[in-house]
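In: fold the following, please.
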Amino acid sequence: MFWLQIFRFVALGWGLFCSLLLLGLGAHALSVLVNSNVPTPAWAGLAVATAVLSLVTLPPMLVIDLLRTGAFSSMIVVELAWLSFIGLLCLATGGAAAENAADFWVTCGTWSPASARSVCSETSAAAAFGFLGWLALWGYTISLLVLLILHANRGHYVWRMSVKEAGFENGIPPANGEAKAHEAASLNAGQVPYAYPPTGAPYGQPVAQPSPYPQV
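Out: Below you'll find the predicted structure:
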């Protein structure tokens, strides 16, 4: 299995794990703060939305790619667009939670009831796992995009294929001109080049060579 396929499986699996944690943290924060005097933080709702989208789409992308070949959800262009979007949501969740966490440490001791004070530590955890999910997903998509551009520059367009069909494990293909020259050289490896006589010389007659001595 090519390293990019392993990277894909690890990145999507880690994204699912982070999404599960964000779902639990965001749902708990919403349930605790909904009936309290503390305003509900924006990261909680964003974490739940990000987690729901990830849990609904990422497992089918993994399972369908394992069971089928050529599925729409496994196309490279679809993965690049959707996983970049999910990674952006994770980044937004982590940024919103980090901004709230910086403010909560000052006033978190005054929160009541005691269950509301646990949201302080949960906010920091949401920030951490939001950033970690973003790093995993965008690390995979950037690696995939770089390989896609390198192959496209050599005339190998695989953006409508899946990662397992693209043939990345074969390395970067040669350019079209290089491939034709290499093919011609391999076909004519034992052929002796022909020497054609100049125009006007009779066929089968030796061509007169110029004398090295001066003519009188």
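In: just the pLDDT for N176.
Out: N176 carries a pLDDT value of 55.
In: oh, that last question was meant for G109, not what I typed.
Out: pLDDT, read off for G109, is 62.
In: and the longest helix along the chain, what does it pack against?
Out: When the chain is parsed with DSSP state H, its longest helix is helix 114-153. Applying 3 or more CB pairs under 8 Å, 6 or more residues apart in numbering; DSSP states H and E, one finds that helix 114-153 contacts helix 3-33, helix 42-67, helix 76-107. Any C-beta I mention is one placed from the backbone N, CA and C, and that applies to glycine too.
In: and the angle from it to helix 76-107?
Out: 150 degrees (axes from the mean of the first three to the mean of the last three CA atoms, to 10 degrees).
In: tell me the buried residues in helix 114-153?
Out: 116-117, 119-120, 122-124, 126-138, 140-141, 144, 147-148, 151 (16 or more other CB atoms under 10 Å).
In: which residue, other than its chain neighbours, is closest to S54?
Out: Once flanking residues are discounted, S54 sits nearest to S19: 3.7 Å by CB to CB, 6 or more residues apart in numbering.
In: what's the neighbour count on the one you found?
Out: The number of residues packed near S19 is 26, by other CB atoms under 10 Å.
In: surely it is in contact with V56?
Out: No. The pair S19 / V56 is not scored as a contact, 9.8 Å apart, by CB atoms under 8 Å.
In: show the contacting residues for N100.
Out: Contacts for N100 (CB atoms under 8 Å, 6 or more residues apart in numbering) come out as 41-43, 123.
In: ok, now L147?
Out: By CB under 8 Å, 6+ apart, the residues touching L147 are 4, 168.
In: again with L25
Out: L25 touches 44, 47, 122, 125-126, 129, counting by CB under 8 Å, 6+ apart.
In: quick one: it from L132, how far?
Out: Distance of L25 to L132, given as CB to CB, to the nearest Å: 13 Å.
In: just S54 next, same as before
Out: The spacing between S54 and L132, counted by CB to CB, is 13 Å.
In: so where is this structure shaky, pLDDT-wise?
Out: Within the chain, the ranges that satisfy pLDDT under 70 run 1, 36-38, 103-117, 169-216.
In: rerun at 80
Out: For the chain, the stretches flagged by pLDDT under 80 are 1-2, 33-40, 70, 101-121, 154-157, 165-216.
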